[in-house]
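Engineer: no sequence on this one, just coordinates:
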């Protein structure tokens with residue numbers, strides 16, 4: 001197993017001479033099953049080798065004692081490898097290099113052990129608890145895309161909290177203010193992602209947050225084992241979702257008219273505003289708003 005990730009026989013012999021060698025081998029096999037890259041596997045094994053030396057120096061003789069030494073090892077690692085850190089993000093990266101491999105290995109080799117994950121709660125976990133389940137089960141989105149959705153929706157949730165506006169009372173004015181605020185720091189690609197996230201969320205949360213049951217949503221089962229996806233019930237549901245989506249388009253039209261009055265006359269453009277000889281507007285808030293308008297106009301795809 002180790003030969004797949006290390007070319008040096010000296011490094012392999014050193015790892016096999018460790019006290020935690022059976023657990024490290026088992027963890028490396030688990031990483032391979034998760035299709036982890038070779039670089040990540042090597043980095044995790046090196047961190048676990050340092051952890052092996054650290055716990056032996058502290059007199060650990062049982063695997064069950066390892067969870068009590070994780071925090072001490074992380075602090076030691078940060079003191080030795082965190083001298084270059086200049087921000088909280090840098091420190092978090094150094095801490096993750098030591099904590100993640102150790103805690104993941106303990107999850108694999110110790111029954112009942114769970115990682116101490118300090119992550120914020122899911123965005124709109126109370127008002128729209130089924131949205132991310134919908135993204136995974138119905139749209140089949142990957143984890144990278146889900147993280148982008150979560151980031152944008154956390155900002156949206158915080159914005160609504162500052163404005164004291166519940167999700168059920170969101171108006172186009174609220175969306176306009178949020179996208180105006182985002183346009184100050186984002187380029188057109190970021191605005192497109194933000195607008196797409198809001199479009200999908202606001203177009204689908206109405207059927208999720210309020211537990212609306214659309215008639216005939218149970219798909220008939222094909223005799224050969226498949227599901228008949230193209231049914232009248234599904235088409236009826238899409239019509240209702242697109243009707244809600246259409247009301248949302250007006251919110252970003254307001255952005256275009258507020259940021260650039262020419263947009264209301266000429267429509268959204270791909271380049272600078274019509275009649276403008278300056279290149280400053282290219283990719284600026286006006287173009288971002290226009291691209292956001294186009295993203296919200298795109299029909300919702302299931």
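Structural biologist: Perfect, I can see it now. Keep in mind the model is a prediction, meaning the values are calculated, not measured.
Engineer: sketch out the low-pLDDT regions of the stretch 101-250 of the chain for me.
Structural biologist: 116-120, 205-250 (pLDDT under 70).
Engineer: all helices of it, in order?
Structural biologist: Per DSSP state H, counting those that start in this stretch, the stretch 101-250 of the chain carries helices over the ranges 131-137, 143-163, 172-183, 188-209, 232-259.
Engineer: any idea how the chain splits into domains?
Structural biologist: 2-109, 131-297 (automatic domain parsing).
Engineer: any idea which helix or strand carries residue 11?
Structural biologist: helix 9-16 (DSSP states H and E).
Engineer: give the next helix or strand downstream of that helix.
Structural biologist: Next in line after helix 9-16, if elements are assigned by DSSP H and E, sits helix 21-33.
Engineer: and the residue nearest to residue 18 when sequence neighbours are not counted, how far is that from residue 199?
Structural biologist: Counting by C-beta to C-beta, 6 or more residues apart in numbering, the nearest residue to residue 18 once its immediate chain neighbours are dropped is residue 52, at 4.6 Å. For the C-beta atoms, the positions are set from N, CA and C on the backbone; glycine is no exception. According to C-beta to C-beta, to the nearest Å, residue 52 and residue 199 sit 50 Å apart.
Engineer: got it, and residue 177?
Structural biologist: 17 Å.
Engineer: more crowded one of these two?
Structural biologist: Each of residue 177 and residue 199 has its neighbours counted (other C-beta atoms under 10 Å); residue 199 has more, 22 against 17.
Engineer: what's the distance between the more buried one and residue 188?
Structural biologist: Distance from residue 199 to residue 188, by C-beta to C-beta: 16 Å.
Engineer: cool, and residue 109?
Structural biologist: Taken as C-beta to C-beta, the span from residue 109 to residue 188 is 48 Å.
Engineer: out of these two, which sits in the more crowded spot?
Structural biologist: For residue 109 and residue 188, the more surrounded residue by other C-beta under 10 Å is residue 188, and the numbers stand at 20 against 17.
Engineer: kindly provide the distance from that one to residue 156.
Structural biologist: 19 Å.
Engineer: next: residue 122.
Structural biologist: From residue 122 to residue 156 the distance is 13 Å (C-beta to C-beta).
Engineer: higher neighbour count, these two?
Structural biologist: residue 156 (23 against 15).
Engineer: that one against residue 179, yeah?
Structural biologist: No: using C-beta atoms under 8 Å, residue 156 makes no contact with residue 179, being 10.0 Å away.
Engineer: overlap in contacts of those two?
Structural biologist: residue 198 (C-beta atoms under 8 Å, 6 or more residues apart in numbering).
Engineer: I figured residue 12 hits residue 1, correct?
Structural biologist: No: taking contacts as C-beta under 8 Å, residue 12 lies outside contact range of residue 1: 9.8 Å.
Engineer: hmm, who's touching stretch 81-93?
Structural biologist: With C-beta under 8 Å, 6+ apart as the criterion, stretch 81-93 contacts 78, 94, 97-98.
Engineer: what are the buried residues along it?
Structural biologist: residue 82 (16 or more other C-beta atoms under 10 Å).
Engineer: one more: stretch 171-188?
Structural biologist: Within stretch 171-188, the residues that qualify as buried are 172, 174-180, 182-183, 186, 188, counting by 16+ other C-beta under 10 Å.
Engineer: widest-spaced pair of those?
Structural biologist: 174 and 188 (22.0 Å; C-beta to C-beta).
Engineer: give me the number of residues near the residue nearest to residue 18?
Structural biologist: 20.
Engineer: so who does it touch?
Structural biologist: Applying C-beta under 8 Å, 6+ apart, the residues contacting residue 52 are 18-20, 24.
Engineer: of those, buried ones?
Structural biologist: 18, 20, 24.
Engineer: look up how far residue 187 lies from the nearest residue to residue 167 once chain neighbours are set aside.
Structural biologist: Of all residues not flanking residue 167 in the chain, residue 127 sits nearest, at 4.3 Å (C-beta to C-beta, 6+ apart). Using C-beta to C-beta, residue 127 is found at 30 Å from residue 187.
Engineer: can you check residue 84 too?
Structural biologist: 29 Å.
Engineer: tell me what the helix holding residue 11 is packed against?
Structural biologist: If you count contacts as 3 or more C-beta pairs under 8 Å, 6 or more residues apart in numbering; DSSP states H and E, helix 9-16 packs onto helix 38-57.
Engineer: how near is residue 162 to residue 172?
Structural biologist: Relative to residue 172, and taking C-beta to C-beta, residue 162 is found at 18 Å.
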